[in-house]
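Q: Let me see the structure of the following:
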Amino acid sequence: MTGLRIERVVTSGEFTLDGGSWQVDNNVWLVGDDEEVLVVDAAHDAEAILRALAGRRVTAIVSTHAHNDHVNAAPRLSELAAREGARPPVMLHPDDLVLWRMTHPDRAPDAELADGQVLTVAGVEVRVLHTPGHAPGAVCLYVPAAGVVFTGDTLFQGGPGATGRSYSDHDTIVDSIRRVLFTLPGDTVVHTGHGPDTTIAAEAAALGTSG
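A: Numbering: from 1, shown residues only. As a prediction, the model looks like this:
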């Protein structure tokens, strides 16, 4: 894990779904080293994210789910971060294509994410965990060597992500959290899609592990 670092870029914009619109601040996560970076959730402002990359090569732009506030800057960032004509791929779980098309009807993701898939950046493994509930194709990204998991909008400080809108389900997200995330080591740091960090142990204690 030598040289690996994790950086947060906060961008602001609108989340829109089901006819509503809300102003939100999003956490964009950069995982990598001095040479290459994996971007988690390219939200709102591709130029701001590009500046934070500081010239490093982007290995992939990974979307934890396809709500507009998590993917609206992804195609533009892929264009801006291209090197020698090669764009970094925008990656998404296929179960979230229905949401993706609401924001990008004329541009598909470049590659699919799958449960158990392993991505690599800066010599470190990033494991894809399918955690539906907030969205059908929601995933979390676990980096065992760093003791961190990027949960998008699946798990926050204070509990599960929202499930009151289309394509979400409360029982499903709670099952995902208990079955997948709560099996990670308790001291795993949870880097969320909005707001502050937490840990698996803190959220397991708050939510409970049964019932």
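
Q: What helix or strand is the residue nearest to V121 when sequence neighbours are not counted located in?
A: Excluding the flanking residues, the one nearest V121 by C-beta to C-beta, 6 or more residues apart in numbering is L38, at 4.1 Å. All C-beta atoms are positioned from the backbone trio N, CA, C, and that covers glycine. Using DSSP states H and E, L38 sits within strand 36-40.

Q: any idea which helix or strand comes after that strand?
A: Following strand 36-40 in sequence order, the next helix or strand is helix 46-53 (DSSP H and E).

Q: Tell me if I'm right that the residue nearest to V121 and V126 touch.
A: Yes: applying C-beta atoms under 8 Å as the test, L38 and V126 come out as touching, 6.4 Å apart.

Q: residues shared between the contacts of those two?
A: V31, V62, L119 (C-beta atoms under 8 Å, 6 or more residues apart in numbering).

Q: Now do the same for the strand holding L38: mean pLDDT, whole number.
A: Averaging pLDDT along strand 36-40 gives 98.

Q: all helices in the protein, in order from the N-terminus.
A: 46-53, 68-71, 74-80, 97-103, 170-179, 200-207 (DSSP state H).

Q: Could you dump those helices into CSV with mean pLDDT and distance to L141 added?
A: Compiled in CSV, the helices of the chain are given as follows (pLDDT from 0 to 100; distance: least, C-beta to C-beta, whole Å):
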stretch, mean pLDDT, distance to L141
helix 46-53, 98, 17
helix 68-71, 98, 13
helix 74-80, 98, 15
helix 97-103, 98, 18
helix 170-179, 98, 14
helix 200-207, 96, 14
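
Q: so which of the ones you listed comes closest to W22?
A: When the helices of the chain are compared by C-beta to C-beta, helix 68-71 sits nearest W22, at 8.7 Å.

Q: And for that closest one, what's in contact with it?
A: With C-beta under 8 Å, 6+ apart as the test, helix 68-71 has contacts from 13-17, 24, 26, 41-44, 63-64, 90, 92, 99-100, 102-104, 152-153, 193.

Q: From those residues, keep the buried residues only.
A: By neighbour count, with 16 or more other C-beta atoms under 10 Å, the contacts of helix 68-71 hold 13, 15, 17, 24, 26, 41-44, 63-64, 90, 92, 99-100, 103-104, 152-153, 193 as buried.

Q: Now do the strands in the protein.
A: Using DSSP state E, the strands found in the chain span residues 5-17, 20-32, 36-40, 57-62, 90-92, 111-112, 118-121, 124-130, 139-143, 148-152, 155-156, 159-160, 189-192, 198-199.

Q: any idea of the angle the fourth one forms with strand 20-32?
A: Just to be clear, that refers to strand 57-62. Angle, strand 57-62 to strand 20-32, by axes from the mean of the first three to the mean of the last three C-alpha atoms, to 10 degrees: 140 degrees.

Q: Show me what strand 57-62 pairs with in its sheet, parallel or antiparallel.
A: Neighbouring strands of strand 57-62 in its sheet, by DSSP bridges, are strand 36-40 (parallel), strand 90-92 (parallel).
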